[in-house]
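>>> Predicted model and sequence below, questions to follow.
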Amino acid sequence: YMALLQDEPIKVQTDAYEHAASLLLAIDADGDELISPSELRTFMQSSVRPSLARRLAAALDGTVGQLPSESQQRAIDEELFDAAVRNAWTFQDLDRDNRISQRELAQAVRRWLLSLRRYVTAKSPRSPKNKVES
């Protein structure tokens with residue numbers, strides 16, 4: 001994604017649309033060219049859930065005190081996953097019709113790429129915010 005972050009805005013728009021098209025193919029299980037909440041959840045179940053579990057385990061690694069029991073951990077994992085699905089849905093279902101079209105997905109990808117660009121630019125050592133006066 002770093003190359004996309006440095007592209008011109010028109011290139012970001014084109015790349016976002018192409019990325020959205022490939023995401024739609026991966027997520028749209030019934031072939032209607034729309035993503036339903038259950039299709040997004042199924043997709044995220046296989047692609048996002050493992051990384052959420054790893055991040056939680058890393059956050060708890062070395063924790064002092066009582067760690068959650070296995071059943072408590074499963075409940076925490078489920079809550080985190082549900083929150084991730086809700087956040088992804090809210091970010092992408094722009095017209096709130098309970099379906100995500102390729103256009104909406106492309107707009108969400110574009111917003112995500114542009115927000116990453118702003119973040120990377122702000123963190124860059126060459127950014128005016130990060131320059132130290134001599």
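Everything's here; your move.
>>> Okay, now the unreliable bits of the chain?
Along the chain, the model assigns pLDDT under 70 to residues 1-13, 49-50, 52-65, 124-134.
>>> For the residue minimising distance to the centre of it, give me its contacts.
For the chain, the residue nearest the mean C-alpha position is residue 88 (6.4 Å; Cα atoms, centre = their mean). Going by Cβ atoms under 8 Å, 6 or more residues apart in numbering, residue 88 touches 40, 44, 48. Using the backbone N, CA and C atoms, a C-beta is placed for each residue, glycine as well.
>>> and the gap between it and residue 24?
Residue 88 sits 14 Å away from residue 24, taking Cβ to Cβ, to the nearest Å as the criterion.
>>> and what of residue 18?
11 Å.
>>> Between the two, which has more neighbouring residues?
Regarding residue 18 and residue 24, a neighbour count based on other Cβ atoms under 10 Å identifies residue 24 as having more, with 18 against 12.
>>> so the more buried one touches residue 105, yeah?
Yes. The pair residue 24 and residue 105 passes the contact test of Cβ atoms under 8 Å, sitting 6.0 Å apart.
>>> What residues sit buried inside whichever helix or strand residue 85 is part of?
Take DSSP states H and E as the rule and residue 85 turns out to sit in helix 70-92. Within helix 70-92, the residues that qualify as buried are 77, 81, 84, 85, 88, 89, 92, counting by 16 or more other Cβ atoms under 10 Å.
>>> which residues in the chain form helices?
Under the criterion DSSP state H, the chain contains helices at 2-5, 9-27, 37-47, 49-60, 70-92, 102-123.
>>> Tell me the spacing between residue 69 and residue 81.
With Cβ to Cβ as the criterion, residue 69 and residue 81 are 18 Å apart.
>>> actually residue 19, not the one I typed
Residue 19 sits 23 Å away from residue 81 when distances are taken as Cβ to Cβ.
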